[in-house]
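S.K.: Build me a model from this:
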Amino acid sequence: MANSQIPLHFEIVGRDGKVNQPWAFWFNNITASLPPPGAGNVIDGSNTTYGQMTLFQGPDINKGSSPSLGWIYFATDTGKIYVENAGAWVLELPAFTGDVTKPLHSTVLTLNTVNAAVGTFGDQYNYPVITVNEKGLVTNVSLEPSTAGGGPGGTSFSVQYNDGGIFGGEPEFIYNPVSNTLSVTNITVGGTISYLNRVPNQNNLLPIQTGLAGQVLTTNGTNVAWGPTGTFEMIFNFGDATPKNLMIIPADKIIQDVSIILMTAFDAASTLSIGDVGNVNRLLSTTDNTTLEAGTYTTEPAYKYAVNTQLTLSITPGATTQGNGLVVITYQK
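M.R.: Take a look at the predicted model:
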């Protein structure tokens with residue numbers, strides 16, 4: 001037939017049940033143009049631009065080392081995808097950026113460094129301070145000294161708190177909370193040590209070191225300690241904070257005389273009184289003195305407290321701009 005065309009009315013199958021020759025010719029041409037069975041060739045929609053691709057699959061080790069143009073290999077055991085590039089296989093994985101990075105074609109992920117200070121932090125003397133960002137990454141670690149627990153041995157005149165632990169060297173000052181004991185060894189104490197309840201056997205301590213300045217050295221026949229002299233004195237000024245602490249009167253000691261010696265009179269209406277927290281007028285009330293005239297104002301309370309008690313001077317200065325004096329308390333030795 002001209003131009004190898006088959007008329008539309010021409011039957012495919014003849015009377016003998018076989019395909020007519022023109023149709024058989026066309027079928028042979030079409031079959032010859034197809035890839036052989038099992039070749040796996042894939043032709044994309046832009047042949048002239050991208051070329052053809054040939055797909056393979058199998059174990060990673062079976063892909064070989066010399067692929068041809070357009071080959072793609074799927075490794076069924078490792079999940080990797082390889083493409084041919086210049087006659088060699090290239091692993092087809094994208095590059096990662098951000099907190100986790102990966103170079104192009106690499107299978108290794110790297111966590112970006114956010115804290116270059118690596119190592120172990122903290123010991124029996126220091127604890128770590130850790131900074132964590134919003135992604136849960138540790139961005140900084142620093143050390144702070146521990147305020148609890150033992151510490152290394154100190155130098156002369158150091159103060160140490162061992163919390164029942166063991167020092168690296170002999171300290172000069174130790175408080176042990178387990179046994180509730182305080183030890184001072186082989187030093188001269190500078191400053192003041194105050195006690196809530198005075199220990200009777202504070203041997204070899206100066207008055208200022210006991211917090212009971214102005215007392216005298218006494219003995220009960222066994223231990224030596226500082227005790228009251230029988231007289232207490234303290235200077236005051238109109239602007240002092242009130243109530244002004246005077247002395248702690250020991251329990252069962254009779255207070256004999258209480259005096260305010262006003263050396264400079266106040267120049268405005270004001271008041272002075274001596275007593276305790278429970279009653280600021282107990283020993284010398286505001287009616288027992290006047291702040292407008294210098295002089296001595298004395299009472300004889302003959303009062304005895306059942307427990308050690310803090311005595312106070314209460315000052316209501318008003319609008320005064322001057323005034324000072326001396327408090328004197330005489331009590332049973």
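S.K.: C-alpha only now, for contacts and for neighbours.
M.R.: Will do.
S.K.: any chance you could map the helices in the chain?
M.R.: Counting by DSSP state H, the chain has helices at residues 21-33, 47-50, 207-210.
S.K.: By mean pLDDT, show me the worst of those.
M.R.: For those, the weakest mean pLDDT is recorded on helix 207-210, namely a mean of 50.
S.K.: Identify the residue nearest residue 328 in space, chain neighbours excluded?
M.R.: Among residues not flanking residue 328 along the chain, residue 233 sits closest, at 4.6 Å (C-alpha to C-alpha, 6 or more residues apart in numbering).
S.K.: Residue 130 now?
M.R.: That would be residue 141: by C-alpha to C-alpha, 6+ apart, it lies 4.7 Å from residue 130.
S.K.: Ok, residue 108 next?
M.R.: Spatial nearest neighbour of residue 108, excluding adjacent residues (C-alpha to C-alpha, 6+ apart): residue 102 at 6.2 Å.
S.K.: neighbours around that neighbour, how many?
M.R.: If you count neighbours by other C-alpha atoms under 10 Å, residue 102 ends up with 17.
S.K.: Does it have any beta-bridge partners, and if so which?
M.R.: Beta bridges link residue 102 to residue 96, judged by DSSP bridges.
S.K.: for the stretch 201-333 of the chain, what are the low-confidence residue spans?
M.R.: 201-229 (pLDDT under 70).
S.K.: re the thing from before, distance-wise, check the residue nearest to residue 328 relative to residue 330.
M.R.: Separation of residue 233 from residue 330 (C-alpha to C-alpha, to the nearest Å): 9 Å.
S.K.: what's the longest strand in this structure?
M.R.: strand 254-264 (DSSP state E).
S.K.: For that one, name the packing helices and strands.
M.R.: strand 295-299, strand 303-304, strand 324-331 (3 or more C-alpha pairs under 8 Å, 6 or more residues apart in numbering; DSSP states H and E).
S.K.: between these, which one is nearest to residue 106?
M.R.: Closest approach to residue 106 among the helices and strands packed on strand 254-264 is made by strand 324-331 (88.5 Å; C-alpha to C-alpha).
S.K.: How about that closest one, which residues are buried there?
M.R.: For strand 324-331, the neighbour count (16 or more other C-alpha atoms under 10 Å) marks 324, 325, 327, 328, 329, 330, 331 as buried.
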